[in-house]
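Undergrad: have a look; sequence and predicted model below, questions after that.
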Amino acid sequence: MSALLKVENLTMRFGGLVALNDVSLSIDKGAVLAVIGPNGAGKSTLFNVVTGVYRPTSGRVTFDGVDITSRPSYEVVDRGIARTFQSSRLFSDLSVLDNVIIGMHTRTKTGVLDALFRPGASRREMAACVEKAETLLKLGSGGLFEQRYRPAGTLAQADRRRLEIARALASQPKLLLLDEPSVGMDDTETDALVADIARLRAENPELSVILIEHDMRVVEAFPQHVTCIDYGSKIAEGDFAAVRADPRVQEAYLGKAVAHA
Amino acid sequence: MQGSVSLAAPGKAAAAAFAIASQLCGAAFLYLILKVDGGWQVVGLLALLGFGFYLLERLPWIGDYALASFARASLLAMVTAAVVVVAFPFVVGSNTYMLHLLIVAQLYAVLALALNFQLGSANIPNFATGASYGIGAYVSALLAINFGISFWLTLPVAALAATLFGFIIGIPSMRTRDTYLALVTIAFGVVVQQLLNNFSWTGGPNGLVGIPAPSLFGHSFADPLVIFGWKLPSQANFYYLSAALVVVAIVTAHRLHGSRIGLAWNALRADEIAAKAQGINVAWFKVLAFAVDAFLAAFAGTIYAFYVSYISPDNFTFLVSVTIMTMVIVGGMDNIFGVIVGAFLLTILPEKLRAFADYRLLFFGVVIIGFLMIRPQGFFPQRMRRYGGDL
């Protein structure tokens, strides 16, 4: 099977700081890849390069057979990569529903002239968006649907994370990038998150997911493909058991002394 | 908020009565504030308005009730509004000063609605709306004076010229943001005004004189308007023309606000990086806001030029842009109704405060600050979009 996303020899330098050093990875259609590593290892930078927020110093990103290196973010989304942010970036003064509808931006077409001179078409498009958004909000865990007219900024932390995922799914992505989705969730909420991701995959067998995670309970739930990054370099990859057993990974997480003990 | 909406849901008859009564009250208030002269009378009316806003701030269910009523009886509300707008000049009669103020207020309402696309929806501080206004006025005036082109043809040409200007300032502005963006637009505004002042073909500081009055079906707008035996002063022509433009501006604003374009503007206002991550081409949507702003402002400029028949660079200074911006902020960002109220109040107030002679501007500032203390979000702040049933 050919890879859906292929990252080859990616290097990202900010002045003297090497945030990513010659990182390569790939993910197949329908697979889940967990990216782990200590804080500041370069995981979020990886997402930012893939989604076109940063231009890499060198290296190549190929998605669905097309070179998307340094393409603008809006084009990357249009091609089918949606993401969430580590510190949720919701449109906090807009309603929960509007946040999800904005997620459908690349799947809707109304331009200024359409909006002005074909109000019927514009209204129908909006009505369809509302319906789809409400369906998305009903699907996930938590009571997002009941809160759909609340400003997103007033949501509880776990709901904010869920809303970000719903907004990302609204663009009907082929690849979903989740940047620490379980941050700020308690154990019950994390279990619900894992169940949500599992259900998503069952419903869309084609959907691929890359997860950045610190919570090993989440990683353990998707153990097939795990990659560990430390100081910008990939230090291990394989299934969860193999990566966990890797001495370099233990060293990265626990420090040298413990690894040797 | 959801609880209070259902609590305040009005019946059909109540909604209709509320929609009619509130609009008549509004019209009566407008008439009174245009009519009164003495300082104390103006102060009294302002106090009344302030008290109204105070109630609205303390008892938010009033606002919800009003919105629900208007949504329920929307057709009736629109008919009432149309009747009020059409009938107003008949009530005003031969008082041309009142009509003049109303025309200027309506043109400013259009300008404020134009700027609202940027400042309100997308949070782009554009200080060049006055320049787009001026470009619209000059382009149409030049075409009419030099080539004898009719007003109705200059209208779209001027709008297209100003839209082009909008793109021209929009594109370099994309390299900056926030305060720096504001500086770029200030520079553009000043440059346009200086050019108008220094070119010989724009008449220099003397401006353009003798812009011919438009005519429609053989009726010149310089002649009094006679309807069913009622004779209205010639200003009434322009009153109805600018009222029509306000309607165009409202429809434009309403349709864009309710479409994915309005949502995209709101998204980039809230968080630009997140907006990009939703696939919004942020730079394009910002430039688009500049273009729409310039397009509508040029319409207002054209009508203004033909109305006063004499324009000079002094009509389109930086101060005009600042005034428009104040109207949007005081009226309520991203709220069509609020922006119009802001434009009317800020046009009429300085005129009415002439009773205070030398203290006019001081008093004006005090009133605006006072209102903003009562309603910190503007008179009528932005509201959540509602879909389906109730709004």
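TA: Thanks, I have the structure now. Numbers count the residues shown, from 1 in each chain, chains lettered A, B, ... in the order given.
Undergrad: got the buried residues for whatever helix or strand residue B:306 lives in?
TA: Element membership for residue B:306 (DSSP states H and E) is helix B:282-308. Within helix B:282-308, the residues that qualify as buried by neighbour count (16 or more other C-beta atoms under 10 Å in any protein chain shown) are B:282-283, B:285-307. Bear in mind the C-beta positions are built from the backbone N, C-alpha and C, glycine included.
Undergrad: repeat that for stretch B:159-170.
TA: If you call a residue buried by 16+ other C-beta under 10 Å, then stretch B:159-170 has these buried ones: B:159, B:161, B:162, B:163, B:165, B:166, B:169, B:170.
Undergrad: sort out which one of those residues lies nearest chain A for me.
TA: Of all those, the one sitting nearest chain A is residue B:163; the distance, using C-beta to the nearest C-beta, is 10.9 Å.
Undergrad: please name the residues that touch the closest one.
TA: Contacts for residue B:163 (C-beta atoms under 8 Å, 6 or more residues apart in numbering or on different chains) come out as B:291, B:294, B:295, B:298.
Undergrad: can you put those residues in a markdown table and add distance to chain A?
TA: As requested, the contacts of residue B:163 are arranged in a markdown table below (distance: C-beta to the nearest C-beta, whole Å):
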| residue | distance to chain A |
| --- | --- |
| B:291 | 8 |
| B:294 | 13 |
| B:295 | 10 |
| B:298 | 16 |
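Undergrad: so can I have JSON lines of those showing pLDDT?
TA: Supplementary listing: the contacts of residue B:163 in JSON lines, determined by pLDDT from 0 to 100:
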{"residue": "B:291", "pLDDT": "93"}
{"residue": "B:294", "pLDDT": "93"}
{"residue": "B:295", "pLDDT": "94"}
{"residue": "B:298", "pLDDT": "94"}
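Undergrad: export those residues to a markdown table and tack on distance to residue A:19?
TA: As requested, the contacts of residue B:163 are arranged in a markdown table below (distance: C-beta to C-beta, whole Å):
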| residue | distance to residue A:19 |
| --- | --- |
| B:291 | 38 |
| B:294 | 41 |
| B:295 | 44 |
| B:298 | 48 |
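Undergrad: let me see the contact set for the closest residue to residue A:104 other than its chain neighbours.
TA: Closest residue to residue A:104 in three dimensions, ignoring its sequence neighbours and counting by C-beta to C-beta, 6 or more residues apart in numbering or on different chains: residue A:170, at 4.7 Å. Contacts of residue A:170 were listed using C-beta under 8 Å, 6+ apart, and they are A:100, A:101, A:102, A:103, A:104, A:107, A:132, A:133, A:136.
Undergrad: can you report phi and psi for the most centrally placed residue in chain A?
TA: To find the centre residue of chain A, average its C-alpha atoms and take the closest one (C-alpha atoms, centre = their mean): that gives residue A:177, at 1.9 Å. Backbone dihedrals for residue A:177, given as degrees, to the nearest 10, come out at phi -110, psi 120.
Undergrad: next, count neighbours for the closest residue in space to it that isn't next to it in sequence.
TA: Of all residues not flanking residue A:177 in the chain, residue A:83 sits nearest, at 3.9 Å (C-beta to C-beta, 6+ apart). Number of residues near residue A:83 (other C-beta atoms under 10 Å in any protein chain shown) recorded here: 26.
Undergrad: please apply the same query to residue B:273.
TA: Here the count is done by other C-beta under 10 Å, and residue B:273 has 13 residues near it.
Undergrad: what of residue B:228?
TA: Here the number of neighbours of residue B:228 (other C-beta under 10 Å) works out to 5.
Undergrad: mind pulling up the pLDDT for it?
TA: Reading off the per-residue confidence, residue B:228 sits at a pLDDT of 79.
Undergrad: residue A:218 too?
TA: Per-residue confidence at residue A:218 stands at 92 (pLDDT).
Undergrad: show me what contacts it?
TA: Taking C-beta under 8 Å, 6+ apart as the contact definition, residue A:218 lies against A:34, A:181, A:182, A:190, A:193, A:194, A:211.
Undergrad: sec struct for the residue in the stretch 151-261 of chain A positioned nearest to chain B, please.
TA: Distances between the stretch 151-261 of chain A and chain B by C-beta to the nearest C-beta are smallest at residue A:171, namely 6.2 Å. What DSSP: H, G, I helix; E, B strand; the rest coil gives for residue A:171 is coil.
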